[in-house]
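Provided below for reference: sequence and predicted model.
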Amino acid sequence: MIQKYSFENSIPTDSVVMDIPVSTKMPEYLTVVKEEKHIIYHMKRQDIVYGLGEATRGINKRGYIYSSNCSDECSHTEEKQSLYGAHNVLFVKGKRNFGLFVDTSQRVTFDIGYTDMDQLLIRVENGGFDLYLVEGESLDEIVAEFRGLIGQSYIAPKWAFGYQQSRWGYKSEEDIRNVASQYEQADMPLEAIYLDIDYMERYKDFTINTETFPQFEQLVSDMKEKGIHLVPIIDAGVKIEKGYEVYEEGVEKGYFCKTEDGEYFTAGVWPGKCHFPDFMDKDARIWFGSKYSFLIDKGIDGFWNDMNEPALFYTDKGVKEFFEFADTLRGENLDIDKVFALRDKMEHLSNNEEDYRSFYHKLNGKMICHDQVHNLYGYFMTRAAREAFDLLYPDREILLFSRASCIGSHRYGGIWTGDNCSWWSHLLLNIKMMPSLNMCGYLYTGADIGGFGCNISEELMIRWIQFGVFTPLFRNHSALGTREQELYRFKNQDVMRNILKLRYSLIPYLYSEYLKAAFQNTMLFRPLAFAYPEDAHCEQVEDELLLGESLLLAPVYEQNARGRYVYLPEKMLCIKYRSLTDMEQTVYEKGHHYIKAGLEECIFFIRPNRLLVLGNEANRTTELKEEAYQVIGFEAEEAVYELWNGYVVKNGLRKPKKKCYTL
Ligand code: GLC
């Protein structure tokens with residue numbers, strides 16, 4: 001059951017798709033202090049608080065304070081209160097289960113037992129908001145109701161479930177061809193190569209650097225012939241450059257954000273000084289979305305939208321103030337405080353709060369300060385692209401995911417979790433974030449596999465792909481200047497290859513469970529406590545996940561570990577995967593176990609009376625052949641697995657295609 005409460009007029013977010021009448025009667029367990037915009041719940045000792053999507057720390061969010069403020073945050077350490085997404089939803093599990101969604105474009109703080117260990121305090125910083133209270137029996141049910149409220153999740157094309165290679169630093173056609181041929185020579189599957197900012201001319205959106213990519217269309221079609229998709233990046237900022245069509249057009253038509261004085265707002269990002277499309281303005285959205293055709297018409301069928309918090313590296317004003325401050329210190333005998341003050345000033349040049357308050361959007365004919373709608377910016381950029389795809393290419397499946405997001409954008413595209421590092425702790429963070437993201441509707445999602453920043457070790461790469469094989473977005477991406485981490489570069493190529501082959505054989509199941517999650521508003525990744533609510537120990541387990549209806553995952557995420565402790569809430573079949581022809585199967589009873597897992601062994605579990613449909617060996621999704629699928633399971637003589645292997649579109653409605661499998 002969903003109840004809606006409204007507090008003043010709020011800026012429309014389009015996060016929800018259902019019209020729910022406003023209630024006035026708040027249940028006695030929630031206190032709302034209207035003037036302060038506080039929502040308070042007294043947590044019982046045993047209460048668990050799930051949710052918040054893309055956030056640091058555990059699956060159970062209790063014990064810290066978080067804030068929804070889309071941030072270009074390149075250091076995902078545990079003190080951080082905001083990452084790139086604004087996912088204002090919590091699910092409380094306790095004597096009473098319920099969900100709370102704060103629908104607002106404004107920043108919201110979630111103090112979940114940080115200030116007072118037993119108090120959950122939600123504070124809306126500014127403006128009006130709608131509060132949705134979702135009550136139900138089980139958490140599964142509550143999440144499903146909430147997901148129904150916010151609308152069906154985006155369904156990515158099947159090829160996007162293949163393995164994908166990316167790196168900031170592929171500078172030319174030659175680099176791209178080289179990556180493709182190295183994967184081919186190593187007999188390693190590969191479905192897509194990403195084009196980071198270097199494919200563009202001076203980092204200008206919707207351009208191609210014709211010096212380094214002289215035959216772009218030929219490259220796209222040569223790759224397509226090999227079954228490899230090229231996926232270019234699109235950044236939010238549009239370079240200010242005379243004669244550059246996108247810039248000129250945007251200026252002429254008034255599609256960029258403005259300052260109070262009516263000037264176009266300017267800030268520096270990768271291309272240098274930029275203007276920022278006003279995605280809140282429908283006309284600007286249609287205009288920017290239509291620009292993707294420049295690449296689609298060259299054969300491109302996938303994009304990643306970046307820097308759309310938006311990231312602002314500097315403004316002229318900030319730089320000026322910095323130099324003025326530096327000048328006051330010139331010639332002085334500096335003490336440490338002054339040096340630190342100088343350093344802080346330098347650091348605050350980027351993503352400065354004051355800059356976010358200094359520009360405006362056009363919304364339904366009114367000018368609105370950016371800080372009021374900051375959390376919607378990336379969402380509306382994703383929306384701009386998707387609305388254009390739907391309009392201009394209604395029959396094409398185009399991959400789209402974004403860095404910044406806000407609930408609502410899950411209907412238009414996926415997200416990746418941004419600039420993580422090649423750290424073991426970030427592998428664990430990747431594991432813990434998956435169910436939280438699913439709760440918010442983000443199904444096509446994943447981390448930069450191997451880590452974006454810092455240098456990867458081979459062992460971490462192996463363990464990371466052993467988890468990555470289960471995440472819908474399975475993309476190896478890394479930053480310029482870090483150790484190169486294409487899988488063919490490592491010594492244990494056989495191990496890497498076997499893991500990639502496992503991915504392809506998991507795709508029938510993964511895609512099927514993905515479709516079920518999208519059509520039925522369920523989660524692909526679930527914490528154990530969702531499926532075994534009566535088993536108190538499950539509430540403690542944060543390093544195991546359920547994947548779809550049949551699998552339990554227990555990835556190894558520690559350096560030098562050659563096994564791990566696993567808690568099984570019921571008897572299960574352990575698959576110790578070494579290769580497609582070498583899979584050891586052992587049944588374990590309910591309880592605690594130490595399961596050995598050598599570096600080359602990927603372990604996962606099948607639940608009793610459930611089945612796993614495994615695909616044939618393949619290097620591309622198109623090589624998966626249903627007649628060659630196998631079924632594994634245990635204590636499953638009666639079990640039937642419904643494989644959702646695609647969908648048909650009739651009268652604009654999507655209907656899944658299903659096929660039943662038994663042992
Ligand atoms: C941002 C993105 C990263 C990308 C880089 C260069 O940091 O998060 O994925 O590689 O910009 O475009």
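That came in fine, so what should we check first? Residues are numbered from 1 along each chain as shown.

quick one, domains of this protein?
2-150, 158-312+351-416, 315-349, 509-661 (automatic domain parsing).

Quick check: which of those is buried the most?
Most buried of the domains of the chain by mean neighbour count (mean count of other CB atoms under 10 Å) is domain 158-312+351-416; its value is a mean of 20. (C-beta placed from N, C-alpha, C; glycine too.)

ok, that one near the ligand or not?
Yes. Counting by CB under 6 Å from any ligand atom, the ligand is contacted by domain 158-312+351-416 at 168, 196-197, 233, 306, 403.

quick one, helices of the stretch 101-250 of the chain?
With helices called from DSSP state H, counting those that start in this stretch, the stretch 101-250 of the chain shows them at 139-150, 173-185, 216-225, 245-253.

Nearest to residue 425, out of the ones you listed?
Minimum separation from residue 425 across the helices of the stretch 101-250 of the chain (CB to CB) falls at helix 139-150, 26.5 Å.

circling back to that earlier point, want to throw the helices of the stretch 101-250 of the chain into CSV with distance to residue 607?
Putting the helices of the stretch 101-250 of the chain into CSV (distance: least, CB to CB, whole Å) gives the following:
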stretch, distance to residue 607
helix 139-150, 15
helix 173-185, 34
helix 216-225, 39
helix 245-253, 51
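
Let me have the ones you listed in CSV, adding mean pLDDT as columns.
Output for the helices of the stretch 101-250 of the chain, formatted as CSV (pLDDT from 0 to 100):
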stretch, mean pLDDT
helix 139-150, 98
helix 173-185, 98
helix 216-225, 98
helix 245-253, 98
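
how about those helices, which one is nearest residue 533?
Taking CB to CB, helix 139-150 is the member of the helices of the stretch 101-250 of the chain nearest to residue 533, at 7.2 Å.

what helices or strands is the closest one leaning on?
When contacts are defined as 3 or more CB pairs under 8 Å, 6 or more residues apart in numbering; DSSP states H and E, helix 139-150 sits against strand 2-7, strand 89-93, strand 98-103, strand 129-135, helix 528-531.

ok so, going back, can you list the domains of the chain in CSV and add distance to residue 431?
Shown next, in CSV, are the domains of the chain (distance: least, CB to CB, whole Å):
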stretch, distance to residue 431
domain 2-150, 9
domain 158-312+351-416, 15
domain 315-349, 31
domain 509-661, 6
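
List just the one of these that sits closest to residue 503.
domain 158-312+351-416 (5.8 Å).

Quote the end-to-end distance of that closest one.
End-to-end distance for domain 158-312+351-416: 17 Å, by CA to CA, to the nearest Å.

Now find how far off-centre it is within its chain.
Computed by CA atoms, centre = their mean, to the nearest Å, the chain-centroid distance of domain 158-312+351-416 equals 16 Å.

Find the closest residue to the ligand in the stretch 551-663 of the chain.
The ligand sits closest to residue 557 of the stretch 551-663 of the chain, with a gap of 22.1 Å, by CB to the nearest ligand atom.

which residues touch that residue?
424, 427-428, 431, 463, 467, 543 (CB atoms under 8 Å, 6 or more residues apart in numbering).

Next: residue 393.
By CB under 8 Å, 6+ apart, residue 393 lies in contact with residue 296.

Let's see that with 10 Å instead.
Residue 393 sits next to 292-293, 296-297, 301 when contact means CB atoms under 10 Å, 6 or more residues apart in numbering.

hang on, the earlier thing: I'd like the residues of domain 158-312+351-416 next to the ligand written out as TSV, with distance to residue 126 and pLDDT added.
Listed next are the residues of domain 158-312+351-416 next to the ligand as TSV, based on distance: CB to CB, whole Å; pLDDT from 0 to 100:
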residue	distance to residue 126	pLDDT
168	35	98
196	36	98
197	34	98
233	32	99
306	27	98
403	24	98
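
On the strand side of things, show who residue 583 bridges to.
residue 577 (DSSP bridges).

What pLDDT does the model give it?
At residue 583, the pLDDT value in this model is 98.
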